[in-house]
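> Provided below are the primary sequence and the corresponding predicted coordinates.
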Amino acid sequence: MGLAAVSGLAGSVRPCPAQTPKPDSKRGTRRSKSDPEAAIPSYLRGYETLYRKNPRAAAVRWHRNAKWGLFVHYALESLRGLTAREALEKRSISGEEWKRLKQGADVDYARLKGRFTAEKFDADFITNLALAAEMHYVNFTTRHRGNLYMFRTSVSEFTSLNSPARRDLVAELAEQCRKKGLGLFLYCPPDVARTEPQETFDRNRAVVRELLTQYGPVAGIWLDGIGSCYAEPAAYRRINELYALIRSLQPQCLISFKQGTGTEDFVAPEGLMHAKRDAIAQKAWAMNAGKRGDICTNMQTAPPSWLYLEGCEHINADQVLALLADAFAQEANLTLNTGPLPDGSIHPSDVAALREAGARIRKTGYPAPALMDRAARKKLKEKRQ
């Protein structure tokens, strides 16, 4: 099914009802500035009483009830033209070759920036797709492989606004999420969590400040790269100062840093709920015990990839719901990733699977918790469907 076949999505989706407790009004409803509820983020409608007492507690409760969301990995790397076959071949030949391939060691990203048009990146379509799937939030990569900033920033000129696209993609998603009562999480790449040396910390605080002052209410800052934090903790020794800045700018804004350091609002491991093995990681996992999990995983498989790979297989609605049931069995949400095509459009297989999953949820409810066995998990990741 081509994208033209699903172009009617925007006009056919109803706003997805908020989770327990029952909201006082429809998600995304505008209020006058004189209304005392006007300052409450649209995605937290229904949590007004708790929000007035403790915005962070309201957001934690909302997230626990939100069940699942849509991850969108879009970057310069999406334009690279890497194929699933090439990725599989490199991975089988040499671990070092695979690492170089993933890191884009031989890629001229400045040249790719000249081709970045995001012509079919449609925030309205993406958010309506999330609603059609009965999701309650969207998580978007503010910067990823290739290092193109997808928002207006003072720290670099290497941005989507200075590309042929000439657009602030974070702003476009923020507007649509606000209108439709969806939470917006902002993915930040591994270097953003680093607090040493001082110039790095200054840059990262500037990035966080921009993200939390330019786009209205943000549901969460989603930090990547926890492995580096465990490997060289001295480079992250002021991480709690960064967290304090986030919470001072937006008290309801949640924080995750994969398996975490112990002071996050939820943990967000890949694939399943698990701690890293070293002592620092085990201590952090224990400190975060009892907090909600939010497992992240891919719709692309064979091989699994966060960013678009031409020729990948894509999971179907049955597998989507199995992953959701698996997350529920681990007392976690699910953040399910789609990697937009080079032009920014969503792969038609992912659109079809998410729409079908949402239709089934509306008909029979969310799936019952059911832990996926090891063989099924391996097959989903490695075998062509």
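It's in.

> I'd guess residue 74 is in a strand, am I close?
No: counting by DSSP: H, G, I helix; E, B strand; the rest coil, residue 74 is not found in a strand; it is coil.

> separation between it and residue 68?
The spacing between residue 74 and residue 68, counted by CB to CB, to the nearest Å, is 19 Å. (Each C-beta comes from the backbone N, C-alpha and C, glycine too.)

> next one: phi and psi at the nearest residue in space to residue 220 that is not next to it in sequence?
Nearest non-adjacent residue to residue 220, counting by CB to CB, 6 or more residues apart in numbering: residue 254, 3.8 Å away. When read as degrees, to the nearest 10, the backbone of residue 254 gives phi -80, psi 160.

> do residue 69 as well
Torsion angles, degrees, to the nearest 10, at residue 69: phi -150, psi 180.

> can you check residue 79 too?
phi -90, psi 0.

> neighbours around it, how many?
25 (other CB atoms under 10 Å).

> kindly report the same for residue 379.
By other CB under 10 Å, the residues close to residue 379 number 15.

> which helix or which strand is home to it?
Using DSSP states H and E, residue 379 maps to helix 374-382.

> ok, now residue 130?
Element membership for residue 130, per DSSP H and E: helix 123-132.

> could you dump the helix or strand just after that helix to PDB, C-alpha only?
Following helix 123-132 in sequence order, the next helix or strand is strand 137-141 (DSSP H and E). The C-alpha trace of strand 137-141 is given here as PDB (Å, rounded to 0.1, in the frame of the first residue of the first chain):
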ATOM      1  CA  TYR A 137       2.900  10.400  23.000                       C
ATOM      2  CA  VAL A 138       5.500  11.000  20.300                       C
ATOM      3  CA  ASN A 139       9.300  10.900  20.800                       C
ATOM      4  CA  PHE A 140      11.400  12.700  18.100                       C
ATOM      5  CA  THR A 141      15.100  12.800  17.500                       C
END
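
> next structured bit after strand 137-141?
helix 169-180.

> can you name every helix or strand that the helix or strand following that next one contacts?
Moving toward the C-terminus from helix 169-180, the next helix or strand (DSSP H and E) is strand 183-188. Contacts defined by 3 or more CB pairs under 8 Å, 6 or more residues apart in numbering; DSSP states H and E place strand 183-188 against helix 55-66, strand 68-72, strand 137-141, helix 169-180, helix 198-213, strand 220-223.

> what angle do strand 183-188 and strand 68-72 make?
Orientation note: strand 183-188 sits at an angle of 40 degrees relative to strand 68-72 (axes from the mean of the first three to the mean of the last three CA atoms, to 10 degrees).

> to the chain's geometric centre, what's the distance from strand 183-188?
Its chain's C-alpha centre and that of strand 183-188 lie 6 Å apart, by CA atoms, centre = their mean, to the nearest Å.

> center of the chain - which residue?
residue 139 (2.8 Å; CA atoms, centre = their mean).

> for it, which residues are in contact?
Residues near residue 139 by CB atoms under 8 Å, 6 or more residues apart in numbering: 69, 70, 71, 72, 184, 185, 186, 187, 220, 222, 335.

> same check, this time on residue 123
169, 172, 173, 175, 176.

> can you give me the distance of it to residue 70?
The gap separating residue 123 from residue 70 is 12 Å, by CB to CB.

> same check, this time on residue 87
In terms of CB to CB, residue 87 sits 23 Å off from residue 70.

> so if I had to pick from the two, which one is more boxed in?
Neighbours were tallied for residue 87 and for residue 70 using other CB under 10 Å; the higher tally belongs to residue 70 (26 against 21).

> for the more buried one, which non-adjacent residue is spatially closest?
residue 130 (4.4 Å).

> for that neighbour, give me its contacts.
Here residue 130 is in contact with 69, 70, 136, 137, 138, 182, 354 (CB under 8 Å, 6+ apart).

> could you check stretch 215-228 and say which residues are buried?
Neighbour-count burial for stretch 215-228, counted by 16 or more other CB atoms under 10 Å, picks out 215, 217, 218, 219, 220, 221, 222, 223, 224, 225, 226.

> next one: it to chain centre, how far?
Per CA atoms, centre = their mean, the centroid offset for stretch 215-228 relative to its chain is 9 Å.

> kindly check the end-to-end length of that stretch for me.
End-to-end distance of stretch 215-228 (CA to CA, to the nearest Å): 29 Å.

> avg pLDDT for that stretch?
Throughout stretch 215-228, pLDDT has a mean value of 97.

> same question for stretch 75-92.
81.

> okay, that stretch in PDB with CA atoms only?
Output in PDB follows, covering the C-alpha atoms of stretch 75-92 (Å, rounded to 0.1, in the frame of the first residue of the first chain):
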ATOM      1  CA  ALA A  75      18.300  12.200  10.600                       C
ATOM      2  CA  LEU A  76      20.800  13.000   7.800                       C
ATOM      3  CA  GLU A  77      21.700   9.300   8.000                       C
ATOM      4  CA  SER A  78      18.200   8.500   6.600                       C
ATOM      5  CA  LEU A  79      19.400   9.900   3.300                       C
ATOM      6  CA  ARG A  80      22.600   7.800   3.100                       C
ATOM      7  CA  GLY A  81      21.100   5.100   1.000                       C
ATOM      8  CA  LEU A  82      22.400   2.200   3.100                       C
ATOM      9  CA  THR A  83      20.600  -1.100   2.400                       C
ATOM     10  CA  ALA A  84      19.600  -3.900   4.700                       C
ATOM     11  CA  ARG A  85      21.700  -6.300   2.600                       C
ATOM     12  CA  GLU A  86      24.800  -4.100   3.000                       C
ATOM     13  CA  ALA A  87      24.300  -3.800   6.700                       C
ATOM     14  CA  LEU A  88      23.900  -7.500   7.200                       C
ATOM     15  CA  GLU A  89      27.000  -8.300   5.100                       C
ATOM     16  CA  LYS A  90      29.200  -5.800   6.900                       C
ATOM     17  CA  ARG A  91      28.000  -7.100  10.300                       C
ATOM     18  CA  SER A  92      28.800 -10.700   9.400                       C
END
